[in-house]
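**Student:** Provide a 3D model corresponding to the input given below.
(2 chains)
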Amino acid sequence: MSILIDKNTKLVVQGITGRDGSFHARAMRDYGTQVVAGVTPGKGGSNLDGIPIFNTMAEAVDNTEANTSVIYVRAPFAPDAILEASHAGIDLVVAISEGVPALDMARVMKEVKPLGTRVLGPNSPGLISPGQSKVGIMPGNIHKEGNIGVVSRSGTLTYEMVWQLTESGMGQSTCIGIGGDPIIGTDFMDVLRLFKDDPETEGIVLIGEIGGTAEEEAAEYIAQELGKPAISFIAGRTAPPGKRMGHAGAIISQGKGTAEEKTKAMEKAGIPVAKLPSEIGPLMKQVLVK
Amino acid sequence: MNIHEYQAKEIFGRYGIRVHGGKLVRNAGEAGEAARSLGGQVVVKAQVHTGGRGKAGGVKLAKSWEEAESMAADIFKLEIKGLPVRRIYITPAEDIGHEYYVAALLDRDKGLPMMMVCREGGMDIEEVAAKTPELIYKKHFNPLSGLHPFEARELAHKIEPDGSKAVAMAGVLVKLAKVFLESHASLVEINPLVEMTKGGFLALDGKMNLDDSAVAMRRDLESLRDLDARAPQQDLARDAGLSYIPLDGTIGCVVNGAGLAMATMDLVKHFGAEPANFLDIGGSSSPEKVVTALKIITADPKVSAILFNIFGGITRCDHVAEGIVEALKQIKIDLPIIVRLTGTNEKQGREILEKSGVAIFASTMEEAVQEAVRRAGIKPEEKS
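**Tutor:** A predicted model of the protein is given here:
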């Protein structure tokens, strides 16, 4: 099993005719994802390697029964794309787009919440349930089917950690990038709750970074309610305060959101924190045995 | 992006928040003239992108225009937290009553904007928050509809016992929320908001931080950028689509992805050295981006080894390799280049670099970091 996506996931690619959209639509389909449609306003009626393209999300959903969408449109158009997917009745919207203003995202979430759609991202690498479905931009080949759930705020750092797990012989149930922005649709807590209810996820890797207090809250939840072993890695120990480290959300502001605080919170909750990426595999094995 | 006090006040004024009609000056002579036209008694305020201006001697009260001129001359000589003073704002001195703190900011944990007010203004709000958090009142507001007047009144009555004054203050809060939402700000702060002896409230200071993502989309916001305060290397990076932050160490880092870049810097420190920079070449990296990255890093005289840590997903390892080879054609680099390539087109990337013989390979990021630290002349030593 897995969370959020599996082999039955039917995916629409929003912005399928763009450079990134077309490249990843093909890559996802090659991985085995059911890519049932694409949407680009004004390009309806055409197709990409046989994937039908529609003008609107409503049409795409009506014609294909798609339940998930992934967004590759540029940042200024991303809020509208998320709203369009949500109003079309999509269950899960994955926003890859980077550079969406935080207040625009706050407005989008206010409108989306009552519709019941789950938004992942923006500025997310997407998610993958190895061997079943990949919705995003991660390289599929570093993953392996298995029982470890991975949740992270970043992209390539997640690949690094997944690769460490795979090299240590541990496969993954689902790997999720929640996105590096200050306002995101799905946070650590949401993902941890889903992992808790997934019988096949036996252990969890949480990859955090500086900024905000989501890691601290997650630590408390893991200690109190998760009931499954977890380990962690926190990036940004050397980040200077007040500087935005690439991700819009990765900033130590007013003395809050430091790696030290997050590491302390994890350790206090009994969650081992890896200092080096190569410790991820051995640490996971240790906590699984306990 | 931070903007200056005088710019924030200009925006406040457009929204009907009362501010002083001040004058921006660039030298002491102009300061004297401005002071004279404002009646002599003025406040002389350095415009720099940092807090603590007052403590650093960057804000002074002058009793005459002559004094304003000599104070400005002194302030122009200051460096405040490493920043030179290039602009000074001259504002009329005012008889003032009580000072309050009011601010609108984004609460990322709730995903909502929030108004924050405190009766004790004019001092460091972080100190107040640490020592007497019960004096600070907060209220989230709807990003679609703004702060409603009744919400503003609920807050104002908490910090101002006089009913009619509180109602007037609520009007300022509603306008402040509007400034915040319409400017795509992450913080708008008035500290202090002052009660004038002749009645009404005045924004005596103003601080605004704008969302970089919005600035990238809006010309009106981009035009507020202080071109004097820019750093040439950071501009070069931004124009090329790179994210670059200079630091104090000796290991130049080129990484794809912000999280991996931070983790790489942490590892440099873990093995006993310091990173010279944060540099994320981003997702779909072309060879040109890598060339620019190397130009930026080699312009930093502190750098004694260059470390590439690439985990290819959308980023192609062969593009990175081509970029390194191309950069070496364009610029002379005598520094050791240590490269870790994993992922998309890793083999092709290695072949390109092996053929040119310009780089030292490492197979994991830990090996790469240790090698870079060693080549920088530092004995790798685990510190944790």
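
**Student:** Which positions in the stretch 201-350 of chain B make contact with chain A?
**Tutor:** Applying C-beta under 8 Å from any C-beta of the partner chain, we find that the stretch 201-350 of chain B lies next to chain A at B:211-214, B:216-217, B:243, B:245, B:247, B:255-263, B:265-270, B:274-275, B:278, B:280, B:283-284, B:311-315, B:342-344. (Each C-beta comes from the backbone N, C-alpha and C, glycine too.)

**Student:** So which of these sit within helices?
**Tutor:** Using DSSP state H, B:212-214, B:258-263, B:265-270 are the members of those that sit in helices.

**Student:** What are the contacting residues of the helix or strand harbouring A:Leu83?
**Tutor:** Assigned by DSSP states H and E, A:Leu83 belongs to helix A:78-87. Residues from elsewhere that reach helix A:78-87, judged by C-beta atoms under 8 Å, 6 or more residues apart in numbering or on different chains: A:12, A:14-15, A:56-58, A:69, A:71, A:73, A:93, A:95, A:97, A:100, A:104-105, A:107-108, A:111-112, A:115, A:117, A:119, A:122, A:185.

**Student:** go again using 7 Å as the cut-off
**Tutor:** For helix A:78-87, the surrounding residues in contact (C-beta atoms under 7 Å, 6 or more residues apart in numbering or on different chains) are A:14, A:57, A:69, A:71, A:73, A:93, A:95, A:97, A:100, A:104, A:108, A:111-112, A:115, A:117, A:119, A:122.

**Student:** Narrow those to those in helices?
**Tutor:** Those of the contacts of helix A:78-87 lying in helices (DSSP H): A:57, A:104, A:108, A:111-112.

**Student:** who touches the residue most central in space within chain A in this structure?
**Tutor:** In chain A, the residue lying closest to the centroid (C-alpha atoms, centre = their mean) is A:Gly177, at 2.6 Å. Neighbouring residues of A:Gly177 by C-beta under 7 Å, 6+ apart: A:124-127, A:152, A:154-155, A:158.

**Student:** go again using 8 Å as the cut-off
**Tutor:** A:Gly177 makes contacts with A:120-121, A:124-127, A:136, A:138, A:152-155, A:158, as judged by C-beta under 8 Å, 6+ apart.

**Student:** how about the nearest residue to it, chain neighbours excluded?
**Tutor:** Nearest residue to A:Gly177, sequence neighbours excluded (C-beta to C-beta, 6 or more residues apart in numbering or on different chains): A:Pro125, at 3.9 Å.

**Student:** where does residue 25 land on pLDDT?
**Tutor:** Chain wasn't specified; assuming chain A. We have a pLDDT of 97 for A:Ala25.

**Student:** was after chain B, sorry
**Tutor:** At B:Val25, pLDDT is 94.

**Student:** Assess the claim that it and B:Val85 are in contact.
**Tutor:** No. With contact defined as C-beta atoms under 8 Å, B:Val25 does not reach B:Val85; the gap is 11.0 Å.

**Student:** show me where pLDDT drops low in the stretch 201-350 of chain B?
**Tutor:** Where the stretch 201-350 of chain B drops to pLDDT under 70, the residues are B:230, B:284.

**Student:** mind giving me the domain split of chain B?
**Tutor:** Structurally, chain B divides into domains by automatic domain parsing as follows: B:21-92, B:96-222, B:231-375.

**Student:** Is it possible to get TSV of the ones you listed that adds distance to B:Gly13?
**Tutor:** Formatted as TSV, the domains of chain B follow (distance: least, C-beta to C-beta, whole Å):
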stretch	distance to B:Gly13
domain B:21-92	8
domain B:96-222	9
domain B:231-375	30
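
**Student:** which of the ones you listed is buried the deepest?
**Tutor:** Across these, the average number of neighbours (mean count of other C-beta atoms under 10 Å in any protein chain shown) peaks for domain B:231-375, which reaches a mean of 21.

**Student:** what about that one, how long is it end to end?
**Tutor:** Terminal residues of domain B:231-375 lie 29 Å apart, using C-alpha to C-alpha, to the nearest Å.

**Student:** which residues in chain A form strands?
**Tutor:** Assigned strands in chain A, in chain order: A:10-14, A:34-39, A:47-48, A:51-54, A:68-71, A:92-95, A:118-120, A:126-129, A:133-136, A:145-152, A:172-177, A:203-209, A:230-235 (criterion: DSSP state E).

**Student:** so who does residue 21 touch?
**Tutor:** With no chain named, the answer covers chain A. A:13-15, A:38, A:40, A:72-73.

**Student:** oops, I was thinking of chain B
**Tutor:** Contacts here follow C-beta under 8 Å, 6+ apart; on that basis B:Gly21 touches B:38, B:91-92.

**Student:** so, if you compare those, which one comes nearest to chain A?
**Tutor:** For the contacts of B:Gly21, the closest approach to chain A (C-beta to the nearest C-beta) belongs to B:Thr91, at 26.6 Å.

**Student:** you'd agree the closest one is in a helix?
**Tutor:** No. Counting by DSSP: H, G, I helix; E, B strand; the rest coil, B:Thr91 is not part of a helix but strand.

**Student:** Quick check: the gap between the nearest residue to it once chain neighbours are set aside and chain A.
**Tutor:** Leaving aside its chain neighbours, B:Thr91 sits nearest to B:Gly22 (3.7 Å; criterion: C-beta to C-beta, 6+ apart). Plainly put, B:Gly22 is 27 Å away from chain A if you go by C-beta to the nearest C-beta, to the nearest Å.

**Student:** is it true that B:Gly22 touches B:Pro92?
**Tutor:** Yes. Counting by C-beta under 8 Å, B:Gly22 does reach B:Pro92; the two are 7.5 Å apart.

**Student:** So for these two, which residues contact both of them?
**Tutor:** B:Leu38.

**Student:** Next, count neighbours for residue 229.
**Tutor:** Since no chain was named, I'll use chain A. 20 (other C-beta atoms under 10 Å in any protein chain shown).

**Student:** looking at chain B here, not the other one
**Tutor:** Count around B:Ala229 with other C-beta under 10 Å applied: 15.

**Student:** need the contact list for it.
**Tutor:** Taking C-beta under 8 Å, 6+ apart, one finds B:48-49, B:83, B:86 in contact with B:Ala229.
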